[in-house]
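In: Based on what follows, work out the 3D shape:
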Amino acid sequence: QVQLVESGGGLVQAGGSLRLSCVAPERSGAVMGWFRQAPGKEREFVAAIQSWLPLSTFYANSVKGRFTISRDNAKNTVFLQMNSLKPEDTALYYCARSRSATISTALRDYVYWGQGTQVTVSS
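Out: Got it, this is the predicted structure:
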(Lines give C-alpha, C1' and ligand atoms only; values in the text may rest on other atoms or scores of the structure.)
Protein backbone atom coordinates (compact mmCIF):
# COMPACT_ATOMS: atom_id res chain seq x y z
CA GLN A 1 0.00 0.00 0.00
CA VAL A 2 1.38 3.38 -1.02
CA GLN A 3 0.81 6.16 1.49
CA LEU A 4 0.67 9.67 0.15
CA VAL A 5 0.90 12.50 2.66
CA GLU A 6 -0.42 15.96 1.85
CA SER A 7 0.35 19.18 3.68
CA GLY A 8 0.14 22.92 3.19
CA GLY A 9 -3.56 23.57 3.47
CA GLY A 10 -5.01 26.35 5.57
CA LEU A 11 -7.20 29.43 5.73
CA VAL A 12 -6.46 32.27 3.33
CA GLN A 13 -8.25 35.35 2.11
CA ALA A 14 -9.49 35.63 -1.44
CA GLY A 15 -6.66 36.63 -3.74
CA GLY A 16 -4.09 34.92 -1.56
CA SER A 17 -1.83 31.95 -2.22
CA LEU A 18 -1.09 28.53 -0.78
CA ARG A 19 1.34 25.79 -1.72
CA LEU A 20 0.33 22.19 -1.19
CA SER A 21 2.83 19.35 -0.96
CA CYS A 22 2.43 15.62 -1.39
CA VAL A 23 5.16 13.19 -0.38
CA ALA A 24 5.25 9.65 -1.72
CA PRO A 25 7.29 6.83 -0.17
CA GLU A 26 9.18 6.11 -3.38
CA ARG A 27 9.70 7.21 -6.97
CA SER A 28 7.19 6.00 -9.50
CA GLY A 29 6.73 6.36 -13.23
CA ALA A 30 3.04 7.01 -12.75
CA VAL A 31 1.24 10.29 -13.19
CA MET A 32 0.52 12.24 -10.01
CA GLY A 33 -2.60 14.31 -9.65
CA TRP A 34 -4.48 16.67 -7.38
CA PHE A 35 -8.20 16.46 -6.84
CA ARG A 36 -10.57 18.37 -4.58
CA GLN A 37 -13.93 17.84 -2.96
CA ALA A 38 -16.14 20.60 -1.63
CA PRO A 39 -18.94 19.87 0.86
CA GLY A 40 -21.93 18.33 -0.88
CA LYS A 41 -20.10 18.00 -4.18
CA GLU A 42 -18.33 15.21 -6.02
CA ARG A 43 -14.57 14.91 -6.04
CA GLU A 44 -13.15 16.68 -9.07
CA PHE A 45 -9.91 16.76 -10.98
CA VAL A 46 -7.64 19.77 -10.47
CA ALA A 47 -4.25 19.07 -12.07
CA ALA A 48 -1.88 16.28 -13.05
CA ILE A 49 1.77 15.86 -14.00
CA GLN A 50 3.79 13.13 -15.66
CA SER A 51 6.68 11.51 -13.85
CA TRP A 52 9.23 11.63 -16.65
CA LEU A 53 10.40 14.25 -19.08
CA PRO A 54 8.88 16.31 -20.58
CA LEU A 55 6.83 16.39 -17.33
CA SER A 56 3.66 17.29 -19.18
CA THR A 57 0.89 18.87 -17.13
CA PHE A 58 -2.85 19.25 -17.45
CA TYR A 59 -5.28 21.48 -15.58
CA ALA A 60 -8.98 21.80 -15.00
CA ASN A 61 -10.36 24.87 -16.73
CA SER A 62 -11.43 26.31 -13.39
CA VAL A 63 -7.83 26.58 -12.15
CA LYS A 64 -5.89 27.11 -15.37
CA GLY A 65 -3.67 30.17 -15.13
CA ARG A 66 -3.94 30.30 -11.34
CA PHE A 67 -2.61 26.91 -10.18
CA THR A 68 0.71 25.28 -11.06
CA ILE A 69 1.59 21.64 -10.49
CA SER A 70 5.22 20.61 -10.24
CA ARG A 71 7.34 17.83 -8.82
CA ASP A 72 10.72 17.22 -7.24
CA ASN A 73 11.57 13.64 -8.14
CA ALA A 74 14.65 13.65 -5.92
CA LYS A 75 12.33 14.15 -2.95
CA ASN A 76 9.37 12.11 -4.29
CA THR A 77 7.26 15.22 -3.81
CA VAL A 78 4.55 16.86 -5.88
CA PHE A 79 3.47 20.45 -5.35
CA LEU A 80 0.40 22.49 -6.15
CA GLN A 81 1.01 26.23 -6.11
CA MET A 82 -2.33 28.00 -5.84
CA ASN A 83 -2.50 31.72 -6.57
CA SER A 84 -5.38 34.17 -6.86
CA LEU A 85 -7.49 31.92 -4.69
CA LYS A 86 -11.25 32.30 -4.76
CA PRO A 87 -13.90 31.25 -2.22
CA GLU A 88 -15.04 28.59 -4.68
CA ASP A 89 -11.62 26.94 -4.36
CA THR A 90 -12.55 25.96 -0.80
CA ALA A 91 -12.36 22.17 -0.56
CA LEU A 92 -10.49 19.18 0.77
CA TYR A 93 -7.56 18.68 -1.59
CA TYR A 94 -6.29 15.18 -2.31
CA CYS A 95 -3.07 13.96 -3.85
CA ALA A 96 -3.31 10.78 -5.91
CA ARG A 97 -1.12 8.42 -7.92
CA SER A 98 -2.35 7.09 -11.24
CA ARG A 99 -2.13 3.54 -12.48
CA SER A 100 -0.29 4.68 -15.63
CA ALA A 101 2.19 7.13 -17.12
CA THR A 102 -0.51 8.77 -19.24
CA ILE A 103 -2.31 11.79 -17.86
CA SER A 104 -5.94 11.19 -17.00
CA THR A 105 -8.59 13.33 -15.34
CA ALA A 106 -10.72 10.34 -14.30
CA LEU A 107 -10.85 9.36 -10.64
CA ARG A 108 -11.01 5.67 -11.58
CA ASP A 109 -7.51 5.86 -13.06
CA TYR A 110 -5.96 6.86 -9.72
CA VAL A 111 -5.27 4.00 -7.35
CA TYR A 112 -3.53 5.55 -4.36
CA TRP A 113 -4.88 8.52 -2.42
CA GLY A 114 -3.77 10.69 0.45
CA GLN A 115 -5.96 11.70 3.38
CA GLY A 116 -6.46 15.22 2.09
CA THR A 117 -5.58 18.70 3.27
CA GLN A 118 -8.21 21.38 3.85
CA VAL A 119 -8.10 24.65 1.92
CA THR A 120 -10.49 27.38 2.99
CA VAL A 121 -10.68 30.69 1.14
CA SER A 122 -12.57 33.51 2.83
CA SER A 123 -14.23 36.31 0.90
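In: Would you mark the buried spots in stretch 13-33?
Out: 18, 20-24, 28, 30-33 (16 or more other C-beta atoms under 10 Å). Any C-beta I mention is one placed from the backbone N, CA and C, and that applies to glycine too.
In: so who does the residue of the chain positioned farthest from its centre touch?
Out: Centroid-distance maximum for the chain: Ser123 at 22.5 Å, with C-alpha atoms, centre = their mean. Applying C-beta atoms under 8 Å, 6 or more residues apart in numbering to Ser123 gives the contacts 14, 87.
In: From the buried residues of stretch 13-33, which one has the minimum pLDDT?
Out: Minimum pLDDT across these is recorded for Ser28, with 85.
In: residues in contact with it?
Out: Residues in contact with Ser28 (C-beta under 8 Å, 6+ apart) are 2, 51, 97.
In: Next: Val46.
Out: When the contact criterion is C-beta under 8 Å, 6+ apart, the partners of Val46 are 33-36, 59-60, 63, 67, 80, 93.
In: Just the element for it, please.
Out: strand 44-49 (DSSP states H and E).
In: Give me the sheet partners of that strand and which way each runs.
Out: Strand 44-49 pairs in its sheet with strand 32-37 (antiparallel), strand 57-59 (antiparallel), by DSSP bridges.
In: got the ones you listed as TSV, with distance to Arg108 columns?
Out: Rendered in TSV, the data for these read as follows (distance: least, C-beta to C-beta, whole Å):
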stretch	distance to Arg108
strand 32-37	12
strand 57-59	16
